[in-house]
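A.B. asks: sequence-free structure coming up:
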């Protein structure tokens, strides 16, 4: 390549994923370019087959359509149009310049040949949105597991070291382990470790063999100790454990002294250490003030967990564990004040708390299912309970539900038979408006009280829902009310009809459509799973959802929720309150590409659902 | 009516008879593109020279850049750039304008080699340049010096196209507006930072594509409509 073309090469080299490519490949691409000028309003050339071209926009803007006037995306300077190279290009797909446009174009085949060694660029050029997204999520997971690389065995191993002598009996050792709450002991002789005994050794080598428990522990201990150095990473620890099929590893300091033992559970718990700690603080809280104080830790914990590489699954679990603990503690406090409940009841959480997808700033959605044994006059007790808990949750940062889905609302504080009537009516006589407000009640979990009260209702719901096509159709139509944007155009979010938004609502245009679809799959198949990921997994391979569709939606859900978590972590770190709104300016070019792919996956699945329930006809 | 190109092709054949063996003869032996061919099908060679001044007789060539256009696209793989050797002392002002150093000029290829390569590339194509008078003048002067005669060079001038368009629209303009940079801006073409002969040749080629696109032609007009002096 002539060095004078460097300006053109540099332009290409700055655009992901080409920025990953080595110089000689970039030189090759520059050499292969054809510069074309397309007048505003004219079609961008895009022959199919082996003559198809990839276009890099040097200047101007283009719009992509499938069929007549069905806009599917817009691109501006520095964007790449891969559509003609993709394996799944639609026959009625076309691209039109919306401004005078200068294109750097390269034949797809030639480009594929040039970047032959780079999987991810090849994927970018050739593969469908779903395939690209899958790769992005895999890479993200790879990166998040790398926090294990930066935590060291010496920092998390349990100290002080609990030890026994070789002449201790198995019974003495077992008692010591129970007292200290550990699952292993190091056997020391003259301050030198000579063996390791674990729960499992006692079970397999003593109890199962009928060995006398007064036998010396040396009979059952493992003599060849596999160990770690304090400076080994947790990743090393995991590898050693996996390779040797052991669950306990003694850790030696760099000076050669044994300092502790690390277990698989220790490694797994790494991500939730402070969450576990906070939950116990909450359990011990004596007053509302103490609870409020403890809740202030929540955003910090979210930040810490995200920085440790937790994904929505882990984080949602941790935050929901905390909000559940707060709710339970509040109920206990209320019961202390009000006396015992007149009849059994279940305190239920709806929505994100039920799905275990809460983040630190979620609002509260709850209700009470009261036993049908309830007598007139009993409601006063439940009303007081509801107000106490709702107010308490609000004070703890789980603000009042704007839609008034709270136990303090008499409508959502009813005996089981009334709840059952609600569900029967929603399912058997569906009305769009009523369903829109009630969809949240199809995600329920008991936080405190009688599980049975909900279980009975759920069983009936899951029995009736699959057979009520009209109900499913209405649920689908409501679910399609939230549609993902088409993509991005310059620094705007491109929504339908070519309109632009300043910000992207990660929740409503990204996560909610997936959550809503997962709920419909679960209801259509009568599945009891509640969390979105569980529902998508459980519904995979059923008539409602293909294996591939499930995998794609799981990828999209994970990608968007992780982006939201990172966004909120940055806000918490900056001292702002976390929200769901991102400006496209905050997104890297690569994140935009992956988001666009995630949106595409959601769009495809929405279209499939729309077709299945013929929502246009109701 | 005899057009300029008709004369040009006659002239090419006449010159061919007199031309000495070598690059010039080879160039003249290749037929010029048919003047009735649609412009999109005519192979073009966009070219830019950097020189020490505007007088082809006194000043000399510093560098040459060229790139081919075919089927409405610029073929970047055909892009070439050459710095031309000179024994003459280059004035400092040329160094600063063209950012070509004394060392580069000393290490450049000879004028003979450069012209030989240009003629080889240009054979069978039409020259495309902005303010083409300079490129034509210097190339002809170099040929005279090297081969004792100057060839006839069919050419398209993007500056002349712009001037004609403004004249036709009866739009008053300043000479400044006809500069490559300003015309490109009018068409929404990017402002390239580098100003070497090759990037200017590419810039000229892009300008020509934009001029064609903005001509609102139903079908590609014939070459003769664009030829300089036609």
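C.D. replies: Now that the structure is in, tell me what you want to look at. These numbers were taken from a predicted model, which means no experiment stands behind them.
A.B. asks: count of residues packed around residue A:197?
C.D. replies: Neighbour count for residue A:197, taken as other Cβ atoms under 10 Å in any protein chain shown: 26. Quick note: C-beta positions are derived from backbone N, CA and C, even for glycine.
A.B. asks: now the nearest residue to it once chain neighbours are set aside: phi and psi?
C.D. replies: Using Cβ to Cβ, 6 or more residues apart in numbering or on different chains and skipping residues adjacent in sequence, the residue nearest residue A:197 is residue A:221, 4.3 Å away. Backbone torsions of residue A:221, given as degrees, to the nearest 10, read phi -70, psi 160.
A.B. asks: and residue A:221, what does it touch?
C.D. replies: By Cβ atoms under 8 Å, 6 or more residues apart in numbering or on different chains, residue A:221 lies in contact with A:187, A:194, A:195, A:196, A:197, A:201.
A.B. asks: which of the helices or strands spans residue A:63?
C.D. replies: Assigning secondary structure by DSSP states H and E places residue A:63 in strand A:62-66.
A.B. asks: so for whatever helix or strand comes next after that strand, what gets flagged as buried?
C.D. replies: Using DSSP H and E, the helix or strand that directly follows strand A:62-66 along the chain is strand A:71-75. Counting neighbours by 16 or more other Cβ atoms under 10 Å in any protein chain shown, one finds that the buried residues in strand A:71-75 are A:71, A:72, A:73, A:74, A:75.
A.B. asks: any chance of TSV for these, columns pLDDT and distance to chain B?
C.D. replies: Output for those, formatted as TSV (pLDDT from 0 to 100; distance: Cβ to the nearest Cβ, whole Å):
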residue	pLDDT	distance to chain B
A:71	80	22
A:72	78	24
A:73	81	21
A:74	85	17
A:75	87	16
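A.B. asks: redo the residues you listed as JSON lines? Include distance to residue A:466.
C.D. replies: Converted to JSON lines, those look like this (distance: Cβ to Cβ, whole Å):
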{"residue": "A:71", "distance to residue A:466": "36"}
{"residue": "A:72", "distance to residue A:466": "33"}
{"residue": "A:73", "distance to residue A:466": "36"}
{"residue": "A:74", "distance to residue A:466": "41"}
{"residue": "A:75", "distance to residue A:466": "43"}
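A.B. asks: apart from its neighbours in sequence, what residue is nearest residue B:86?
C.D. replies: residue B:105 (5.4 Å).
A.B. asks: the one you found in helix, strand or coil?
C.D. replies: Secondary structure state of residue B:105, per DSSP: H, G, I helix; E, B strand; the rest coil, is helix.
A.B. asks: what is the burial count for it?
C.D. replies: 21.
A.B. asks: how about the residues of chain B near chain A?
C.D. replies: Neighbours of chain A within chain B, by Cβ under 8 Å from any Cβ of the partner chain: B:65, B:72-77, B:79-81, B:187-190, B:192-194, B:196-199, B:202, B:205-206, B:209-210, B:212-214.
A.B. asks: so which of the residues you listed sit within helices?
C.D. replies: B:197, B:198, B:199, B:202, B:205, B:206, B:209, B:210, B:212, B:213 (DSSP state H).
A.B. asks: low-scoring stretches of chain B, by residue?
C.D. replies: Residues of chain B that meet the criterion pLDDT under 70 lie in B:1-6, B:87-99, B:230.
A.B. asks: could you do the stretch 451-600 of chain A as well?
C.D. replies: Looking at the stretch 451-600 of chain A by pLDDT under 70, you get A:497-498.
A.B. asks: identify the bridge partners of residue B:49.
C.D. replies: Taking DSSP bridges as the rule, residue B:49 bridges to residue B:64.
A.B. asks: follow-up on the earlier one: the strand holding residue A:63 pairs with which strands?
C.D. replies: For strand A:62-66, the paired strands and their directions (DSSP bridges) are strand A:71-75 (antiparallel), strand A:93-97 (antiparallel).
A.B. asks: in TSV: those strands, plus distance to residue A:42.
C.D. replies: Below are these laid out as TSV (distance: least, Cβ to Cβ, whole Å):
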stretch	distance to residue A:42
strand A:71-75	15
strand A:93-97	6
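A.B. asks: I'd say residue A:441 and residue A:420 touch.
C.D. replies: No. Residue A:441 is beyond contact range of residue A:420, at 11.9 Å (criterion: Cβ atoms under 8 Å).
A.B. asks: which of these two has more neighbours?
C.D. replies: Using other Cβ under 10 Å, the more surrounded residue of residue A:441 and residue A:420 is residue A:441, with 21 against 17.
A.B. asks: leaving out chain neighbours, which residue sits closest to the more buried one?
C.D. replies: Once flanking residues are discounted, residue A:441 sits nearest to residue A:350: 5.6 Å by Cβ to Cβ, 6+ apart.
A.B. asks: how about residue A:433, what does it touch?
C.D. replies: Under the criterion of Cβ under 8 Å, 6+ apart, residue A:433 has no neighbours.
A.B. asks: what are the buried residues along the helix or strand harbouring it?
C.D. replies: According to DSSP H and E, residue A:433 maps onto helix A:432-438. Of all the residues in helix A:432-438, those buried under the rule 16+ other Cβ under 10 Å are A:435, A:438.
A.B. asks: tell me the secondary structure for residue A:571?
C.D. replies: helix.
A.B. asks: any idea whether the closest residue to it other than its chain neighbours is helix, strand or coil?
C.D. replies: In this structure, residue A:571 finds its nearest non-sequential neighbour in residue A:578, 4.6 Å apart by Cβ to Cβ, 6+ apart. Assigned with three-state DSSP, residue A:578 falls in the coil class.
A.B. asks: appreciated, that's everything.
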